[in-house]
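Q: let me see the structure of the following:
(2 chains)
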Number of protein chains: 2
Amino acid sequence: MPELRRDPVIGRWVIISTERAKRPDQFAPAVSEKEDLPPGEKCPFCEGNEGLTAPEISALRRPGSRPNGPGWDIRVIPSISPLLQIEGSLDRHGHGMYDLINARGAHEIVIESPHHLRESELPKEQMVKSINVILDRIQDLEKDRDIKYVLIFKNYGKSAGGGRIQHARTQIIGTPVNLKRVKEELTGSKVYYDYKERCIFCDMLKQEMQFGKRVIAESKYFVALAAFAARFPFETWIVPKEHSCDFYKVDRAKVPDFVELMRTVFAKMRKVIGDFPFNFVLHTAPFRRDLGKRGYWETVEYDYHWHFEILPILTRVAGFEWGSGFYINPLPPEEACKSVKEAVI
Amino acid sequence: MPELRRDPVIGRWVIISTERAKRPDQFAPAVSEKEDLPPGEKCPFCEGNEGLTAPEISALRRPGSRPNGPGWDIRVIPSISPLLQIEGSLDRHGHGMYDLINARGAHEIVIESPHHLRESELPKEQMVKSINVILDRIQDLEKDRDIKYVLIFKNYGKSAGGGRIQHARTQIIGTPVNLKRVKEELTGSKVYYDYKERCIFCDMLKQEMQFGKRVIAESKYFVALAAFAARFPFETWIVPKEHSCDFYKVDRAKVPDFVELMRTVFAKMRKVIGDFPFNFVLHTAPFRRDLGKRGYWETVEYDYHWHFEILPILTRVAGFEWGSGFYINPLPPEEACKSVKEAVI
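A: Prediction:
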């Protein structure tokens, strides 16, 4: 019989629907996600084509190279079609009962290799460099008082909105408002903390480590979990073992360990479901904790816990989900975990 | 420059991104949504094939016909792959810090014609009969004390999770929990009511009728609006002019007027974006207002206002949206409204 599970942080109910069950490997996408630029069309993210993008925001450059020319390992550029813009000043206004803000913020692309490599082809050292550059970018954006939150994400594959260029990259969006999903997590974590005086994510980690059946893999400092109330088949969270609310304050010495775990998890997932489309999203605490209701932010450093979510896009989200915020997951997370954990890489 | 707009009820921010703008008619789906059963395969929803489904729950039958045989106008059956089940008793339990419920509830399909008609081919009188049957079903499900909320929705077209059989139908799901999205709307409406002592939807309707640029069409009792903070291109809400929190208590004499407006709106939308995939979802107040925190439900009859949402699925939702609950809509709702309003049918 199917089962309803409640996400303990934000209270979202998910139907784990065993009635429509398939074997884990049957979730592999039917359509290949491998489309890329047609031959002859230049990739704007490749070394040598720097002239095809706006001037770089920053880059990890090799000695002797010049900005906006070749000779880099990681390059950060403004998005080609930015959703938010860094120029101008923030303008909050009303229209009758409605509220609007101009699109002041940031939208950057971190190009993760000078070569035309797919997500799955990125070498470990490039991933480590990329995360370090992302951490630098967040630290820099934190200085902009108009930016309240920084969203770090990857869209990979057509079904996940990955676009048609298969060159590994991460997007950074700095928003002038705190996002609904983040507020929900903060509120849920605070309610738990006010009651228990413990971080809900730390408690969850403890319970998961004891239970074991949703632990996909762990490294020295991080754990990869199949979420208890996973919305999507193979939804996976990567959580630091040590409590911390701000991703950008992570000890840089732990980055190689984080990357190693991520590589293991993705490689194992690809063994089960092939080169799957996914969204990869950071959840971290917002910057401006001195604004707004004091009581609301008071405990955020104790109650919130940053993590990444890997959301494979293997099923369609339909009216039921939109209308209700209530998801249907046809694969119990324990089964997803087992198949990924046991995959030999 | 793009603009951020806040949904006044639930506080969700949407980027109205004019940077990626297309003309309204360019949103028409590239891929046809017209797939259907292969020739020779029997449709379980067609008259004469009643034996292919579980026994009917109810039906509008012509005189002299018998249950589970031909001779009906509207037929209600249990879902072929039910997400929730009507048998057994509700079992809420915990697993450490987690909460679970068995999948007690209801999942029904309302077949809206004995003939193999698509959504766009349904005659007006069938739609009126269907809505009346749906209202009967909600009244019946309300008597089941384990059901807290009834979700009414249509998924049409492949991209909207519509399945491969193109026979017009509506789904009914009765859930044992109040859904997150519904709670968010109730909370938002209550906060506004506590402050203003007015219904937020009534205020919105008043402002929209004065402003005019987001009013797609209206009938005697209902209005079709392009939502101010629409998540999707052509997102349309159908709202009753008179305040009411419960759809199922609607005056039956108003149903033909409602159907007429819906037909006008869909016909105009199809003129602009063709036979588009969509989700159609009812938002209404939950049943069990005598449960839970008294203060929370006290004003729901005054503060909440039922409505339907038409959500065309013409763009992809990517990592940014999942991670943030923050949507990107590449078509300003005023432009969507103008093109639909001006479409000649």
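
Q: quick one, helices of the stretch 151-300 of chain A?
A: A:180-196, A:200-211, A:255-273, A:294-297, A:300-303 (DSSP state H, counting those that start in this stretch).

Q: chain B: which of these is closest?
A: Nearest to chain B, of all the helices of the stretch 151-300 of chain A, is helix A:180-196, at 3.6 Å by Cβ to the nearest Cβ. Backbone N, C-alpha and C define where each C-beta goes, glycine included.

Q: any residue of the closest one up close to chain B?
A: Yes - using Cβ under 8 Å from any Cβ of the partner chain, helix A:180-196 reaches chain B at A:180, A:181, A:182, A:183, A:184.

Q: chain B contacts on the stretch 101-250 of chain A?
A: Counting by Cβ under 8 Å from any Cβ, the stretch 101-250 of chain A sits next to chain B at A:101-103, A:151, A:153-155, A:159-162, A:171, A:173, A:175-177, A:179-184, A:200, A:203-204, A:207, A:211, A:228-229.

Q: buried ones only from the residues you listed, please, as a PyMOL command.
A: In PyMOL syntax, the buried subset of these is picked out as below (16 or more other Cβ atoms under 10 Å in any protein chain shown):
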select buried, chain A and resi 101+102+103+151+153+154+155+159+160+161+162+171+173+175+176+177+179+180+181+182+183+184+200+203+204+207+228+229
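
Q: could I get the helices of the stretch 151-300 of chain A as JSON lines with distance to residue A:283 and mean pLDDT?
A: Converted to JSON lines, the helices of the stretch 151-300 of chain A look like this (distance: least, Cβ to Cβ, whole Å; pLDDT from 0 to 100):
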{"stretch": "helix A:180-196", "distance to residue A:283": "6", "mean pLDDT": "90"}
{"stretch": "helix A:200-211", "distance to residue A:283": "10", "mean pLDDT": "97"}
{"stretch": "helix A:255-273", "distance to residue A:283": "15", "mean pLDDT": "97"}
{"stretch": "helix A:294-297", "distance to residue A:283": "16", "mean pLDDT": "64"}
{"stretch": "helix A:300-303", "distance to residue A:283": "13", "mean pLDDT": "91"}
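
Q: now for residue A:313, how many residues are close by?
A: 27 (other Cβ atoms under 10 Å in any protein chain shown).

Q: so how far is residue A:104 from it?
A: Separation of residue A:313 from residue A:104 (Cβ to Cβ, to the nearest Å) stands at 30 Å.

Q: residues in contact with residue A:277?
A: When contacts are counted by Cβ atoms under 8 Å, 6 or more residues apart in numbering or on different chains, residue A:277 touches A:29, A:33, A:156, A:157, A:158, A:159, A:160, A:162, A:312, A:313, A:314.

Q: what about these, which are in strands?
A: Using DSSP state E, the members of the contacts of residue A:277 that fall in strands are A:156, A:312.

Q: closest one of the contacts of residue A:277 to chain B?
A: Among the contacts of residue A:277, and counting by Cβ to the nearest Cβ, the member closest to chain B is residue A:160, at 5.9 Å.

Q: mind pulling up the pLDDT for the closest one?
A: Here the pLDDT value assigned to residue A:160 is 82.

Q: wait, it touches residue A:281, no?
A: No - between residue A:160 and residue A:281 there is no contact under Cβ atoms under 8 Å: 10.8 Å.

Q: neighbours around the spatially closest residue to residue A:289 that is not a sequence neighbour, how many?
A: For residue A:289, ignoring the flanking residues on the chain, the nearest one in space by Cβ to Cβ, 6 or more residues apart in numbering or on different chains is residue A:297 at 4.3 Å. Look at residue A:297: counted by other Cβ under 10 Å, it has 18 neighbours.

Q: any idea how far residue A:213 is from the nearest residue to residue A:269 once chain neighbours are set aside?
A: Counting by Cβ to Cβ, 6+ apart, the nearest residue to residue A:269 once its immediate chain neighbours are dropped is residue A:340, at 5.5 Å. Remark: distance between residue A:340 and residue A:213 (Cβ to Cβ) = 12 Å.

Q: which one of the two has more residues nearby?
A: Under the criterion of other Cβ under 10 Å, the comparison of residue A:340 against residue A:213 puts residue A:340 first, with 25 against 13.

Q: just confirm that one is within a helix.
A: Yes - with DSSP: H, G, I helix; E, B strand; the rest coil as the criterion, residue A:340 is part of a helix.

Q: now do the same contact list for it.
A: A:24, A:216, A:226, A:234, A:236, A:265, A:268, A:269, A:271, A:272.

Q: select only the buried ones of the residues you listed in PyMOL?
A: In PyMOL, a selection of the buried entries from these looks like this (16+ other Cβ under 10 Å):
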select buried, chain A and resi 24+216+226+234+236+265+268+269+272
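
Q: and stretch A:69-88, average pLDDT?
A: Across stretch A:69-88, the average pLDDT comes to 91.

Q: is any part of that stretch close to chain B?
A: Yes - for stretch A:69-88, a contact with chain B is found by Cβ under 8 Å from any Cβ, at A:81, A:82, A:83, A:84, A:85, A:88.

Q: narrow these to those that are buried.
A: Among these, those scoring as buried are A:82, A:83, A:84, A:85 (criterion: 16+ other Cβ under 10 Å).

Q: please name the nearest non-neighbouring residue to the last one.
A: Pointing back at residue A:85 there. Per Cβ to Cβ, 6+ apart, closest to residue A:85 is residue A:103, 5.8 Å.

Q: and the pLDDT for the spatially closest residue to residue A:45 that is not a sequence neighbour?
A: Excluding its sequence neighbours, the residue lying closest to residue A:45 (Cβ to Cβ, 6+ apart) is residue A:167, at 4.1 Å. In this model, residue A:167 is scored at 95, pLDDT.

Q: tally of neighbours for residue A:167?
A: 21.

Q: pull the contacting residues for it.
A: So residue A:167 contacts A:43, A:45, A:46, A:111, A:113, A:116, A:117, A:118 (Cβ under 8 Å, 6+ apart).

Q: could these go into JSON lines alongside secondary structure and pLDDT?
A: Compiled in JSON lines, these are given as follows (DSSP: H, G, I helix; E, B strand; the rest coil; pLDDT from 0 to 100):
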{"residue": "A:43", "secondary structure": "coil", "pLDDT": "95"}
{"residue": "A:45", "secondary structure": "coil", "pLDDT": "97"}
{"residue": "A:46", "secondary structure": "coil", "pLDDT": "97"}
{"residue": "A:111", "secondary structure": "strand", "pLDDT": "98"}
{"residue": "A:113", "secondary structure": "coil", "pLDDT": "98"}
{"residue": "A:116", "secondary structure": "coil", "pLDDT": "96"}
{"residue": "A:117", "secondary structure": "coil", "pLDDT": "95"}
{"residue": "A:118", "secondary structure": "coil", "pLDDT": "93"}
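
Q: which of these are buried?
A: Using 16+ other Cβ under 10 Å, the buried members of the contacts of residue A:167 are A:43, A:45, A:46, A:111, A:113, A:116, A:117.

Q: any idea which of these is the one closest to residue B:68?
A: For those, the minimum distance to residue B:68 (Cβ to Cβ) is 59.6 Å, reached by residue A:117.

Q: burial of the closest residue to that closest one other than its chain neighbours, as a residue count?
A: Excluding its sequence neighbours, the residue lying closest to residue A:117 (Cβ to Cβ, 6+ apart) is residue A:168, at 5.4 Å. Other residues lying near residue A:168 total 22 when counted by other Cβ under 10 Å.

Q: same question, residue A:137
A: For residue A:137, using other Cβ under 10 Å, the count is 22.

Q: surely it meets residue A:108?
A: Yes - using Cβ under 8 Å, residue A:137 is in contact with residue A:108, at 6.5 Å.

Q: spit out the residues that contact those two alike.
A: A:57, A:76, A:172.

Q: distance of the spatially most central residue of chain A relative to chain B?
A: Chain A has residue A:281 as the residue nearest its centroid, 1.3 Å off, counting by Cα atoms, centre = their mean. As judged by Cβ to the nearest Cβ, to the nearest Å, residue A:281 and chain B stand 3 Å apart.
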